[in-house]
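In: predicted model, plus sequence, below.
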Amino acid sequence: MKQVQKAEEISNIAFGFMASKALFVALHCNLFSLLSNKSLSSNDLAHLVKVPENRISTICTALTSIGLLTRIDGLYKNSIGAEKYLVKGAKYDFGDYLRLQIDRQMYGFMQQLEGVVTNNMDSEYIDSYAKWMNNEKEAELYSESQHSGSLGPGLTLSRLLDFSKVNFLLDVAGGTGGFAIRLCEQNPNLKVTILDFPNVIKLGEKKVYEAGFSDRIKFIGGDALDYNWPNKGFDAVLMSYLYNGVPGIEIPKLASKAFSVINSGGFYVVHDFMVEDDRNGPHLAALWQLQHLAFTPTAKSITPSWVSKVLKEQGFIKVKNDILIPGMTKIVWGFKPKI
């Protein structure tokens, strides 16, 4: 029996991509939004989506089998999780993050993982963030989806750490301002400078304007690894989802540069996918690190203790860590000593 269970577990892992593709197709077809607070048959959905019923029926059966839909008396309904996270406009909606970034972009990146790991792929042909962000269309698609996936964690960060005494924040690789917007909403005194690729900040300026923070959130175009940052004057520096996307050798340099631009008594925050110190999980953080390895062959699988060590070696004190997104991301932060 144990052998059968193990085989089933292996099959679930191997065929997990099928479940994820069913989710992505449902998002592209807007199924979860169509089912919001109502129950519909596969015929109803097929009519609304304008595709043959057999295809909708097969997709809905797959979604029901993995718990995203329920089916009672021939009518489909969203699960609690689908209603909360996958309906357009819902408070915690991150469907666009899954539909655009993960499906349209990250899946393609993963095709090069074997070549990267086995060193059988010419570095010239390995895609990277920098190459990606130089493509205006790819940068816009990535940034649009990343924005929707950053608003929720940004709100959580504003509750975990006290930014009430931070007047000037440097958000390195801050994207389109998802974190900055949430932090500004909670801290009226806060002004943010975001450093990111030029093709990213084009959309960022639009997002910030729509949120009503153009007077408090400004952008600088550039690559964080060029280290052409503003020289000084910040009460805090934030780096979210950056450490996993750069060569491991760059991480101490990033921490050192952050130390140099932070005011006395200010703090530095690192948010990213981190596995536990014993490296037994969590599996979502581990898999996200694997995805980053596909386009950054020299990326390092980071842990809270290792990141803490890096911060301490660069001069930060009172270094602590906490969970931001359960099962996925953590934050590590430390203070620059007061002079």
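Out: Perfect, I can see it now.

In: and the end-to-end length of stretch 227-234?
Out: Taking Cα to Cα, to the nearest Å, the first and last residues of stretch 227-234 lie 15 Å apart.

In: for stretch 213-231, same thing?
Out: Its first and final residues considered, stretch 213-231 spans 24 Å by Cα to Cα.

In: residues in contact with it?
Out: Applying Cβ atoms under 8 Å, 6 or more residues apart in numbering, the external contacts of stretch 213-231 come out as 130, 170, 172-173, 177, 180-181, 184, 190-198, 201, 204-205, 208, 239, 242, 246, 250, 253-254, 257, 261. Any C-beta I mention is one placed from the backbone N, CA and C, and that applies to glycine too.

In: run the last query once more with 6 Å
Out: Residues outside stretch 213-231 that contact it (Cβ atoms under 6 Å, 6 or more residues apart in numbering): 172-173, 177, 180, 184, 191-195, 198, 201, 204, 208, 250, 257.

In: farthest-separated two in these?
Out: Within the contacts of stretch 213-231, C184 and E250 form the most distant pair, 28.3 Å apart (Cβ to Cβ).

In: and these two? which has more neighbours close in?
Out: Ranked by neighbour count (other Cβ atoms under 10 Å), C184 and E250 place C184 first, with 25 against 20.

In: where's the more buried one, which helix or strand?
Out: Per DSSP states H and E: C184 is located in helix 178-186.

In: same for the next helix or strand after that helix, what does it pack against?
Out: Following helix 178-186 in sequence order, the next helix or strand is strand 191-196 (DSSP H and E). Based on contacts counted as 3 or more Cβ pairs under 6 Å, 6 or more residues apart in numbering; DSSP states H and E, the elements that strand 191-196 packs against are strand 168-172, strand 217-221.

In: what's the most buried one of those strands?
Out: Compared across the helices and strands packed on strand 191-196, strand 168-172 shows the largest average neighbour count, a mean of 23 (mean count of other Cβ atoms under 10 Å).

In: strands paired with it, and their directions?
Out: Strands that pair with strand 168-172, judged by DSSP bridges, come out as strand 191-196 (parallel), strand 234-240 (parallel).

In: just name the most buried of those strands.
Out: The densest packing among the strands paired with strand 168-172, expressed as mean neighbour count by mean count of other Cβ under 10 Å, is seen in strand 234-240 with a mean of 25.

In: alpha carbons only: can I get the next helix-or-strand element following it in PDB?
Out: Beyond strand 234-240 on the C-terminal side, the first helix or strand identified by DSSP H and E is helix 251-261. Presented in PDB, the C-alpha positions along helix 251-261 are these (Å, rounded to 0.1, in the frame of the first residue of the first chain):
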ATOM      1  CA  ILE A 251      23.900  39.900  -3.100                       C
ATOM      2  CA  PRO A 252      26.600  41.200  -0.700                       C
ATOM      3  CA  LYS A 253      27.200  44.100  -3.100                       C
ATOM      4  CA  LEU A 254      23.500  45.000  -3.000                       C
ATOM      5  CA  ALA A 255      23.500  44.900   0.800                       C
ATOM      6  CA  SER A 256      26.700  47.000   0.900                       C
ATOM      7  CA  LYS A 257      25.300  49.600  -1.500                       C
ATOM      8  CA  ALA A 258      22.100  49.800   0.500                       C
ATOM      9  CA  PHE A 259      24.100  50.400   3.700                       C
ATOM     10  CA  SER A 260      25.900  53.300   2.000                       C
ATOM     11  CA  VAL A 261      22.700  55.200   1.000                       C
END
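
In: shaky segments in this protein?
Out: For the chain, residues meeting the criterion pLDDT under 70 lie at 1-15, 121, 123-136, 138-146, 148.
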